[in-house]
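Colleague: Provide a 3D model corresponding to the input given below.
(one chain, ligands or ions: 2)
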Amino acid sequence: MHCRRRHGLRHFTQGQEPPHARAFGGLRESRNAGSCADSCQILAGAAFQGGSCVTATDATTPLTPDLCVIGAGAAGLSVASIAASLGASVVLIESNRMGGECLNVGCVPSKALIAAARWAHERGRADGDGAAIDFSRVQQHVASVIAAIAPMDSPARYGAMGVQVIQAEAHFTDAVTVSAGGRVIKARRFVLATGSRPAIPPIPGLDQVPYLTSETVFELTERPRHLMVIGGGAVGVELAQAYRRLGAAVTVIEAGPRIVAQEDPEMVSVIERALCREGVTLRKGAAIERIELLSSGNIALRLWNGDIVEGSHLLVAAGREPRIEGLEPAGIKADASGILVNRRLKTTNRKVYAIGDCAGAIATGGRFTHVANHHAGLVIRNALFRLPARLGKTPVPRVVHTAPELATVGLSEAEARAKHGRMRILRWPLSNNDRARAEGATEGHVKAIVTRRGKILGCSIVSAQAGELIMPWVLAMARGLKVSDLAGLVYPYPTFSEATKGAAVEFLKPTAQKPWLRWLIGLVRHLG
Ligand SMILES: Cc1cc2nc3c(=O)[nH]c(=O)nc-3n(C[C@H](O)[C@H](O)[C@H](O)COP(=O)(O)OP(=O)(O)OC[C@H]3O[C@@H](n4cnc5c(N)ncnc54)[C@H](O)[C@@H]3O)c2cc1C
Ligand SMILES: NC(=O)c1ccc[n+]([C@@H]2O[C@H](COP(=O)([O-])OP(=O)(O)OC[C@H]3O[C@@H](n4cnc5c(N)ncnc54)[C@H](O)[C@@H]3O)[C@@H](O)[C@H]2O)c1
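Modeller: Ligands and ions are numbered 1, 2, ... in the order given. Below is the predicted model:
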């Protein structure tokens, strides 16, 4: 996850190592650093400077690093680790848990839960009331995965890299100064990586009932009897399927006409079928009028059409809103989509960048960890090297981690039609793939959108392992390869990846029907 593995101390050459890292002789020997950092954590606002706790005297002196990064989620950690590995001085400020959303309440726990649910599903234990599932073991699995990854994001590890970690809330006091935990930071450049939080829709009665969000759902100690999910986006459908597979009754209430509305309806319909087959109830186009707590302890959602949906638990997964508070003293502007940035991720304050989930519409290729990491790379090039690295040059894939998965890169069919008019659509069903047959995973297909000359405009795959299968298409788009290049590769047999070849070869089929080709074969035959 993040860039931490790529940018860990292991990869420093002697010349590149920050002085503090050299003093520790690398991460694995930094046990003292760890204990010092840990004790620093106890003192809110204490800073950890490459192995030595900042003393009260130190605290009166403003810190003047090359970079001050606010927020230690995927985006902030990536920037801090890359910058430190390049020898820049970095202050990293985090008010909550290191690792941010992805590690603590996002990608990591959700994918651990999904994995546990898949195991339960495959063993058939989720049938009936799912009584055979020991939910506490599921929760232990989720907690153990977080715990296994957490040291990679810890203050100790970042301290050993030479990053000064301050555990406190940061706020701008003027255009060039940040204050956090009693420290004053006047950095050459600031990077805002403050992330987002769950959006809570203004539904009457919602504030009167107990409800879960992605920030609390992974703390459930008992399996919900009937989980109602408000919102059929990625969070809603991934968790709905996982809890259904773990034996809960699940109803998704989606206000719009479609679930996962940002993706191609043709591909989403495959996910929708799978959800319904497994017993998830989907209520699309369902507007909630009000929410009530019943005397039974259940929660009732009253819909505008008069229907009532009743369940034991309520999960609100109705989108995210950026964390954009306290920017006024620095002259940084924001709107509902996030902090306003240009294509170099610079805010309206020329010393400040914004990246990851907190960055506004222009920066969002979606709110994803890999987008946050991508932003981090762009900011490093801009802030440390003044290179004109910009958004929009690199194709960014996205994956909905349901079963089957849905992975997409580039334009959808509708977007491509609007932009390019004439184009070709290449489809290849997984039922034509021998490995998929062997695995009993034939649901889904590849759908590639190409120009008539074979330039790849986009690709969407709905299948088992679609998130893995999308990468050749991402590479081809990034490097300007044509679909015929993908058709010409040798793929190992039998693998799911042959589905890419299947779709790519579809592009060549009309050529194979051309009369001149038949004529050429006939001529060669005639010549013996
Ligand atoms: C359930 C769920 C599943 C997801 N699954 C995936 C997935 O599979 N793949 C994927 O790519 N993405 C996924 N995401 C999205 C992904 O988690 C986010 O896009 C990513 O974590 C954003 O990283 P970030 O660094 O921008 O923000 P965050 O991780 O939110 O980090 C921001 C940090 O800034 C801190 N902060 C905020 N304000 C201040 C302040 N004033 N002072 C100090 N610190 C501050 C916060 O405490 C926080 O730790 C998922 C999200 C959810 C909710
Ligand atoms: N696999 C992944 O990479 C992954 C997984 C989870 C989340 N994420 C990211 O997290 C972010 C948030 O995901 P999300 O699913 O919460 O948001 P989302 O915006 O994708 O979906 C929210 C859904 O809730 C619906 N909704 C809003 N208000 C409603 C109401 N009052 N009643 C019923 N439905 C309502 C919306 O119509 C929408 O379909 C996304 O940007 C996504 O990129 C990514």
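Colleague: make it CA atoms for all contacts and neighbour counts henceforth
Modeller: Noted.
Colleague: count of neighbours near Ile288?
Modeller: 21 (other Cα atoms under 10 Å).
Colleague: With the one 10 residues further on instead?
Modeller: The burial count assigned to Asn298 is 16, neighbours taken as other Cα under 10 Å.
Colleague: Find the residue closest to it in space, skipping its chain neighbours.
Modeller: Ser312 (4.8 Å; Cα to Cα, 6 or more residues apart in numbering).
Colleague: That neighbour contacts Arg225, doesn't it?
Modeller: Yes - using Cα atoms under 8 Å, Ser312 makes contact with Arg225 at a distance of 6.0 Å.
Colleague: Now list whatever residues contact both of those two.
Modeller: Taking Cα atoms under 8 Å, 6 or more residues apart in numbering as the contact criterion, no residue touches both Ser312 and Arg225.
Colleague: any idea how far Phe135 is from ligand 2?
Modeller: 22 Å (Cα to the nearest ligand atom, to the nearest Å).
Colleague: can you check Leu486 too?
Modeller: Taken as Cα to the nearest ligand atom, the span from Leu486 to ligand 2 is 26 Å.
Colleague: Can you name the residues that contact that residue?
Modeller: Leu486 makes contact with Pro472, Ala476, Thr500, Lys501, Ala504 under the criterion Cα under 8 Å, 6+ apart.
Colleague: And the residues you listed, which is closest to Ile380?
Modeller: Of all the contacts of Leu486, Ile380 sits closest to Ala476, with 25.4 Å by Cα to Cα.
Colleague: Helix, strand, or coil at that closest one?
Modeller: helix (DSSP: H, G, I helix; E, B strand; the rest coil).
Colleague: quick one: it and Ala487 touch, right?
Modeller: No - between Ala476 and Ala487 there is no contact under Cα under 8 Å: 11.4 Å.
Colleague: how about Arg437, phi and psi?
Modeller: phi -60, psi -50 (degrees, to the nearest 10).
Colleague: Please apply the same query to Ile185.
Modeller: phi -120, psi 120.
Colleague: could you list every residue that touches it?
Modeller: Per Cα under 8 Å, 6+ apart, neighbours of Ile185: Pro62, Leu63, Thr64, Pro65, Cys68, Thr177, Val178, Ser179.
Colleague: please redo it, this time with the cut-off set to 7 Å
Modeller: Pro62, Leu63, Thr64, Thr177, Val178, Ser179 (Cα atoms under 7 Å, 6 or more residues apart in numbering).
Colleague: Can you say which two of those residues are spatially most distant?
Modeller: So, those by Cα to Cα: farthest apart are Thr64 and Ser179, at 12.2 Å.
Colleague: wait, doesn't Leu469 sit right on Glu498?
Modeller: No - because the distance of 9.3 Å does not satisfy Cα atoms under 7 Å, Leu469 is recorded as not touching Glu498.
Colleague: quick one: which of these two has more around it?
Modeller: Glu498 (24 against 21).
Colleague: Can you say which helix or strand has Gly241 in it?
Modeller: Check again: residue 241 is Gln, not Gly. Gln241 belongs to helix 234-245 when assigned by DSSP states H and E.
Colleague: Report the mean per-residue pLDDT for the longest strand anywhere in the chain.
Modeller: For the chain, the strand that runs over the most residues, judged by DSSP state E, is strand 456-463. What strand 456-463 shows for mean pLDDT is 98.
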